[in-house]
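Asks: I would like the atomic coordinates for the input below:
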Amino acid sequence: MPARPIPTLRGPPLWSVTLGTAAMTALAVIAARMAESALDPQSLSLIFVAPIVVAAIRYGFAASLAAALLGTLALNYFFVEPRYTFEVARAQDGAALALFAAMGGIVSAIAAQARADA
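Replies: Residues are numbered from 1 along each chain as shown. Modelled structure (predicted):
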């Protein structure tokens, strides 16, 4: 009876996925910073959708959820008043962040399913 092959993990190593997801989110922060004078604050959040979709397609569902979480935290820290804190001064900003996080989860699921079907 031949020996069974040792199972291996599919896809890139965890450190690569983590670094890639964090780097994409950092690039989104830089892009949003540069676009801040031309766009209203609500439109800036759309920049953070790109890392979520790219992470889902490239790395899968878990990385995409991480990108959604990192994007939500980055939006809060860099673009929601009071800036450079994780506090939220207005209830509508808190609701917008919660909606972004929920949307990130939905986009993660859809993009990861598209990746699996491909």
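Asks: and Ala26, how far is that from Phe48?
Replies: Look at Ala26 and Phe48: by Cβ to Cβ, to the nearest Å, they are 11 Å apart. All C-beta spots, glycine's among them, are computed from the backbone N, C-alpha and C.
Asks: Oh, that last question was meant for Ala23, not what I typed.
Replies: Separation of Ala23 from Phe48 (Cβ to Cβ): 14 Å.
Asks: Give me the more crowded residue out of these two.
Replies: Legend: neighbour count by other Cβ atoms under 10 Å for Ala23 and Phe48, higher for Phe48 (24 against 11).
Asks: which ones are touching Thr25?
Replies: Thr25 makes contacts with 48, 51, 67, 70-71, 74, as judged by Cβ atoms under 8 Å, 6 or more residues apart in numbering.
Asks: Kindly report the same for Val17.
Replies: Contacts of Val17 by Cβ under 8 Å, 6+ apart are 11, 59, 63.
Asks: Which residue comes closest to the second one once chain neighbours are left out?
Replies: The reference is to Tyr59. Excluding the flanking residues, the one nearest Tyr59 by Cβ to Cβ, 6 or more residues apart in numbering is Val17, at 4.7 Å.
Asks: buried stuff in whichever helix or strand that neighbour is part of?
Replies: Using DSSP states H and E, Val17 maps to helix 14-35. By neighbour count with 16 or more other Cβ atoms under 10 Å, helix 14-35 contains the buried residues 17, 20-21, 24-25, 28-29, 32.
Asks: Check stretch 62-72 too.
Replies: 63-72.
Asks: quick revisit: what lies in contact with the helix or strand following the helix holding Val17?
Replies: As assigned by DSSP H and E, the chain's next helix or strand after helix 14-35 is helix 41-47. Applying Cβ under 8 Å, 6+ apart, the contact partners of helix 41-47 are 28, 31-32, 35-36, 75, 79-80, 96, 100.
Asks: export those to TSV and tack on distance to Ser43 and pLDDT?
Replies: Converted to TSV, those look like this (distance: Cβ to Cβ, whole Å; pLDDT from 0 to 100):
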residue	distance to Ser43	pLDDT
Ala28	13	97
Ala31	12	97
Ala32	9	97
Ala35	8	96
Glu36	10	93
Leu75	12	95
Phe79	11	93
Val80	14	91
Ala96	12	93
Phe100	12	94
